[in-house]
Structure formats: C-alpha cells, structure tokens
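>>> Any chance you could fold what I've pasted below:
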Amino acid sequence: MEKIKSKIQKLLALATSDNEHEASLALLNAKKLANKHGLSIDEIKQKDESDIIFESLDGCKVSRIKAVEILHTCLCELFSCKAIISVATKPNRNGRYVRQTELKVYGLPEDVAIVKTTFDSIRDFLNRKTKEYAKGYSHLTGNRKKEVRFSYMYGLVDTIIKEARTLFKKEEEVSNTTAIIRLKDQLVQKRVNQLFPNAKCKSLKGDKVNRHYFNGLEDGNDYRFQKELS
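Predicted structure coming up:
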C-alpha cells in the first residue's frame, strides 16, 4: 500500500506542473489510482502535512557565524526541509544579555533526522579543520583573527555544499525522485507559511573572500559524504 501512496504522491507533484495538459492528466490518474485502492487524496495530503515537525540544531545558540548559517540553509534545501534562523537577545550563563542565534529545521521526521546528523558531522569537520588552520595565525588577535577563521570556514562550506549538490543531483537522476521531492517541498513550505506568515526570505552572504577563503575551498575536499556519514 505504501508503494501505491508513493505513486499517488508523485502524480500529485506532477499535477502542479506549469504544463496544464500534463497537470490535468496527472491529477486525473492520481484520482483513479486512489479510487481503485480505496484511498483518499485529501487524507494522504493531510497526513503528510500533519507529520511535519521542527527541531533546533544542538549547540547553535551562539553568536552568528555566516558559514554555519549557510550550511544549515543549504542542507535543509537538499533534504526537502525549511530553514528558519531566529536571532534574539537572551541572558547567557553569566546573566549578561547577548544576541544568540537559533537554527531550526522544519520538515518530515525522517528528513529532519538526516539534516541533523549531516549537520553535526560537517560542523565537527569545520571546527576541527578551522582550529588546525588557525594555529598558523596564533599571533593575530581580535577581528583579524576572526577574519582568518570565518573566511577559511566559509571556503570549507562552499566546497562541501558544491559536492553535496552534485551528489544529490546524480541521485535524483538515478532514482527518479524529482516529483516526490517537489511535493515534499510544497508541503513543508505550506506548513511554514502557516506558522510564520510574516517571515521574510533573506539571501545569506558569506564572509570576506580572501586567500584564507581559497585555502578553505581546497581543504573542503577533505570531507567525503559517504565516508563521514557511514
């Protein structure tokens, strides 16, 4: 029965096509298949929408790091989730009020779990590589030291995300999952719009592009998705 529901979901995704003939035909076939097996299209939609959850990524209630925010946003995009970045002024352990960033993930449970696992793996890699790289610039202090770390991390993230997008594009072509991914994207977006009707989309820009960034681009090739996540 799950295979039948999956077929119906793919047809419903095709029913959103800009091609009116293709969309009408897909919707008609979805209804026929649902009626044949005693299923309700509305129930399938409602079930998927109600399954959408949100979770905060652990350890992210920190000062803003652009590279980490870009990583969070891109991973959500790849795994059919929606990224929400909230910034608020809250008291820290010492009672001082500071601006803190919380990265949230909205999506179906299995997709959210993958985003969290992947994010944790890449974040550990980023922290390890950046710490090693910064040792060569221990003589720097203040903003100059931050610029080295953040620009290098930005380069690492750019390379990792580029590889991730290449891998997922190949996977989509092999497994022909484009339709189901499109449907999940629509369901998640609809739920997020309900929860955050006034939310604004904002393009994220990385840190300064300099030689540290380009060094990060090269070192980012050290991360391998299959190896790190196995």
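
>>> which SSE is the nearest residue to residue 75 once chain neighbours are set aside in?
Once flanking residues are discounted, residue 75 sits nearest to residue 115: 5.2 Å by C-beta to C-beta, 6 or more residues apart in numbering. For glycine as for every other residue, the C-beta is placed from the backbone atoms N, C-alpha and C. In the assignment (DSSP states H and E), residue 115 maps to helix 109-134.

>>> Next, the buried residues of the helix or strand following that helix.
Downstream of helix 109-134, the first helix or strand assigned by DSSP H and E is helix 142-175. Going by neighbour count (16 or more other C-beta atoms under 10 Å), the buried part of helix 142-175 is 147-161, 164, 168.

>>> so how far is helix 142-175 from its chain's centroid?
Counting by C-alpha atoms, centre = their mean, to the nearest Å, helix 142-175 is centred 13 Å from the centre of its parent chain.

>>> Under a three-state scheme, what state does the residue nearest the centre of the chain occupy?
Nearest residue to the geometric centre of the chain (C-alpha atoms, centre = their mean): residue 76, 1.2 Å. Three-state assignment for residue 76 (DSSP: H, G, I helix; E, B strand; the rest coil): helix.

>>> Same question for the one 4 residues further on.
Taking three-state DSSP as the rule, one finds residue 80 in the coil state.

>>> Which residue ranges make up the domains of the chain?
2-49, 53-228 (automatic domain parsing).
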